[in-house]
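>>> Pasted the sequence and its predicted model underneath.
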Amino acid sequence: MTGESTGPARASAPRTEARRAFSNAGLNLLAGALPVPLALVTVPAVIRAFDVDRYGVLVTAGVVLSYVALLDFGLSRAVTRFLARASESGDQEEAARIFWTAATLAAVVGVVGMGILLAVASPLAQGLLRVPPGLRGEAVAGFRVLAAAVPFTILLPILLSALEGRRRFDLVAAIQVPTTSATLLAPLLVLPWTNHIAPAVAATAAVQAAACGAAYAVCMRVVPGLRSAMRVRLAAARQLFTFGRWVAVSNVVSPLMTNIDRLAIGAVLSVGAVTYYAAPYGLVTQLWLVPSSLMRALFPVFSVDRSVDVREARPLAVQAVGAIVLAMGPAAVLLVALAPDLLAVWLGHDFARLSTASLQLLAIGVAVNSVAMVPFWLLYGLGRPDLCAKFHLIELVLYVPALLLFLHWWGITGAAAAWTLRVALDALLLLLAAGRLVGAAADAPRLRATAAYGALLAVALVAAWLAATHLDGAVARVAVAIALGGVAAGVGWRLALTGSEREAVRAALTTGLARGRPT
């Protein structure tokens with residue numbers, strides 16, 4: 001009798017997990033997309049109000065803060081993984097030990113990080129970056145004020161990761177949307193009084209502090225047992241660091257490779273050139289909302305105990321690859337074809353002339369990197385962050401000299417080319433490693449179909465680049481872009497999804513339309 005009931009339960013579990021994960025992914029995507037229109041409005045306004053050089057310093061400060069936020073020794077990812085396991089087993093005491101230990105360690109790291117940034121503020125602004133002489137005093141003051149945001153910036157991901165471990169993505173979204181929106185508005189809020197750098201950075205720090213307070217209050221209500229077991233445990237710290245040590249390596253190296261292009265542009269070219277690169281970079285990387293929303297939802301699922309058979313995670317991973325390729329491929333085609341027109345409308349013809357090639361290359365890189373997120377988070381969930389870290393170390397050794405060389409040859413376009421080549425290598429290494437771990441050969445037909453779609457997308461991207469480069473007139477480029485994007489989406493519908501997945505999408509759309517009809 002037990003055997004009869006186990007089979008159906010095990011068979012339905014992946015479908016239930018998939019539905020829940022994709023539902024949470026939709027919530028994550030909505031939360032990430034809501035501030036995007038605000039960003040499209042505020043970025044040009046901030047550039048005009050602060051001028052190109054000041055905006056370049058603000059962008060660099062944001063890069064420094066985002067990098068410092070990841071110097072948490074892997075605690076945030078470890079919290080999600082171990083809280084997901086504790087929630088699965090119903091162990092409230094273990095959940096409390098993990099939470100309080102991680103939060104305490106993050107607070108200590110934050111204070112240390114604040115001291116380090118205070119110490120390097122002057123050399124960073126006056127030596128490393130090519131800040132115009134008249135702005136160096138402002139830049140130093142801005143980086144010193146930025147140090148006050150470091151403890152909150154490191155603690156906030158820990159608190160949000162605790163909620164993700166409980167799969168409360170609704171509450172994470174309720175905190176992230178106003179935080180992101182307030183961060184975008186922060187520089188504009190000080191403009192009635194000044195357009196100096198330090199007050200704008202101080203407003204950003206205040207937003208981070210408020211977000212930390214809100215996240216802490218929510219965690220105290222949502223994570224069971226926190227009020228009754230407010231203790232730090234050495235055993236929990238060892239558990240977190242055992243998993244987090246390799247995550248920490250990736251947390252140092254991966255964002256370094258993600259952000260070093262703007263730092264290198266500021267050092268090799270000028271902080272003004274950073275603006276012409278950072279604006280299209282900020283636009284195209286909004287596409288990461290799609291894969292990151294999905295993978296944030298899947299990571300707790302990948303993290304549950306699979307000690308019996310890691311291959312149980314494969315079906316969800318394969319579905320995720322198909323969904324991401326279908327979403328990101330046509331989007332990249334449209335961006336490559338319409339890059340000059342989008343930049344001209346958004347930021348003006350000077351930006352379009354200087355930044356179009358960068359936007360096109362970055363669009364391709366973002367699409368490739370989106371696919372790489374699936375094996376990356378799968379390896380993390382299965383307890384193999386060491387593989388990701390080792391790949392990142394290999395890539396760093398190759399990427400830095402390539403970036404500097406390409407910068408000297410082709411300026412900001414070279415930086416975009418080096419970044420795109422790096423993420424392509426990263427995707428290849430991660431896919432091969434994850435495939436071997438979970439036995440991807442069992443899904444060979446599905447993967448071959450996805451690879452065939454990838455080859456078609458490459459042809460469509462070349463055609464989109466030719467259209468953007470050689471077609472005269474925005475109307476003609478828009479027409480070709482729509483045609484290419486439509487073909488890419490149509491072929492992807494057949495190749496990237498299985499028949500049952502297509503039927504599920506049709507059923508969902510039919511149900512939604514039926515509910516929307518007037519009665």
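All right, it came through fine.

>>> Just give me the neighbour total for residue 62.
18 (other C-beta atoms under 10 Å). Backbone N, C-alpha and C define where each C-beta goes, glycine included.

>>> Which pLDDT value goes with residue 1?
We have a pLDDT of 36 for residue 1.

>>> go on, the one 5 residues further on?
Model confidence at residue 6, expressed as pLDDT, equals 40.

>>> now do residue 405
For residue 405, pLDDT reads 94.

>>> Then residue 379?
Value for residue 379, per-residue pLDDT: 90.

>>> That one contacts residue 437, doesn't it?
Yes - the criterion here is C-beta atoms under 8 Å, and residue 379 meets it with residue 437 at 7.1 Å.

>>> between those two, which one's more packed in?
residue 379 (23 against 18).

>>> Tell me which residues touch the more buried one, please.
The contact partners of residue 379, taken as C-beta atoms under 8 Å, 6 or more residues apart in numbering, are 385, 387-388, 430, 433-434, 437.

>>> What subset of those residues is buried?
Burial by neighbour count, 16 or more other C-beta atoms under 10 Å: within those this picks out 385, 387-388, 430, 433-434, 437.

>>> And those, which is closest to residue 93?
Nearest to residue 93, judged by C-beta to C-beta, of the buried ones among the contacts of residue 379 is residue 385 at 25.6 Å.

>>> Need the pLDDT of the nearest residue to the closest one once chain neighbours are set aside.
Distances taken as C-beta to C-beta, 6 or more residues apart in numbering place residue 246 nearest to residue 385, at 4.1 Å, with adjacent residues excluded. What the model reports as pLDDT for residue 246 is 73.

>>> now residue 246, what's its secondary structure?
helix (DSSP: H, G, I helix; E, B strand; the rest coil).

>>> What's the first helix or strand after the helix or strand bottoming out on mean pLDDT in the chain?
Lowest by mean pLDDT, DSSP states H and E among the helices and strands of the chain is helix 2-33, with a mean of 56. Per DSSP states H and E, the first helix or strand lying C-terminal to helix 2-33 is helix 36-69.

>>> that older thread, can I get the buried ones among the contacts of residue 379 in a markdown table including pLDDT?
Output for these, formatted as a markdown table (pLDDT from 0 to 100):
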| residue | pLDDT |
| --- | --- |
| 385 | 85 |
| 387 | 90 |
| 388 | 89 |
| 430 | 94 |
| 433 | 91 |
| 434 | 89 |
| 437 | 83 |
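
>>> Now for residue 423, how many residues are close by?
Using other C-beta under 10 Å, residue 423 has 23 neighbouring residues.

>>> all strands for this protein, in order.
With strands called from DSSP state E, the chain shows none.

>>> wait, what's in contact with the residue nearest to residue 138 when sequence neighbours are not counted?
Take residue 138 and drop its neighbours on the chain: the residue closest to it by C-beta to C-beta, 6+ apart is residue 197, 4.6 Å away. By C-beta under 8 Å, 6+ apart, residue 197 lies in contact with 50, 54, 57-58, 61, 135, 138-139, 141-142.

>>> Show me which pair in those is furthest apart.
Of all pairs drawn from the contacts of residue 197, the one with the longest distance (C-beta to C-beta) is 50 and 141, at 14.4 Å.

>>> neighbouring contacts of stretch 41-58?
Here stretch 41-58 has contacts from 125, 129, 131-132, 135, 138-139, 142, 184-185, 187-188, 191, 195, 197, 200-201, 266, 270-275, 278-279, 282, 346-347, using C-beta under 8 Å, 6+ apart.

>>> Show the average pLDDT along stretch 195-209.
Mean per-residue pLDDT for stretch 195-209: 82.

>>> Off-centre distance for that stretch?
Distance of stretch 195-209 from its chain centroid, counting by C-alpha atoms, centre = their mean, to the nearest Å, is 23 Å.

>>> swap in stretch 356-363?
Using C-alpha atoms, centre = their mean, the offset of stretch 356-363 from its chain centre is 18 Å.

>>> what do you get for stretch 105-120?
Distance, centroid of stretch 105-120 to centroid of chain: 24 Å (C-alpha atoms, centre = their mean).

>>> Could you do stretch 359-367 as well?
Using C-alpha atoms, centre = their mean, the offset of stretch 359-367 from its chain centre is 14 Å.

>>> Narrow the buried ones among the contacts of residue 379 to those in helices?
Mapping the buried ones among the contacts of residue 379 onto helices (DSSP state H) picks out 385, 387-388, 430, 433-434, 437.

>>> which one among those gets closest to residue 478?
For these, the nearest to residue 478 is residue 430 (35.3 Å; C-beta to C-beta).

>>> got a list of what that closest one touches?
Taking C-beta under 8 Å, 6+ apart as the test, what residue 430 contacts is 372, 375-376, 379, 387-388, 391.

>>> Contact partners for the nearest residue to it once chain neighbours are set aside?
Once flanking residues are discounted, residue 430 sits nearest to residue 375: 3.9 Å by C-beta to C-beta, 6+ apart. By C-beta under 8 Å, 6+ apart, the contact list for residue 375 reads 317, 427, 430-431, 433-435.

>>> ok, now with 10 Å
Residue 375 makes contact with 317, 320-321, 387-388, 426-435, 437-438, 440, according to C-beta atoms under 10 Å, 6 or more residues apart in numbering.

>>> for residue 28, same thing?
164, 169-170, 172-173, 176, 289-290, 292-297.

>>> do residue 283 as well
With C-beta under 10 Å, 6+ apart, residue 283 has these contacts: 36, 39-40, 43, 335, 339, 342-343, 346-347, 355, 359, 362-363.

>>> Out of the residues you listed, give me the two with the largest separation.
The most distant members of the contacts of residue 283, if one measures by C-beta to C-beta, are 36 and 355, lying 18.8 Å apart.

>>> For these two, indicate the residue with more neighbours.
Neighbour totals were compared for residue 36 and residue 355, and residue 355 leads with 26 against 14 (other C-beta under 10 Å).
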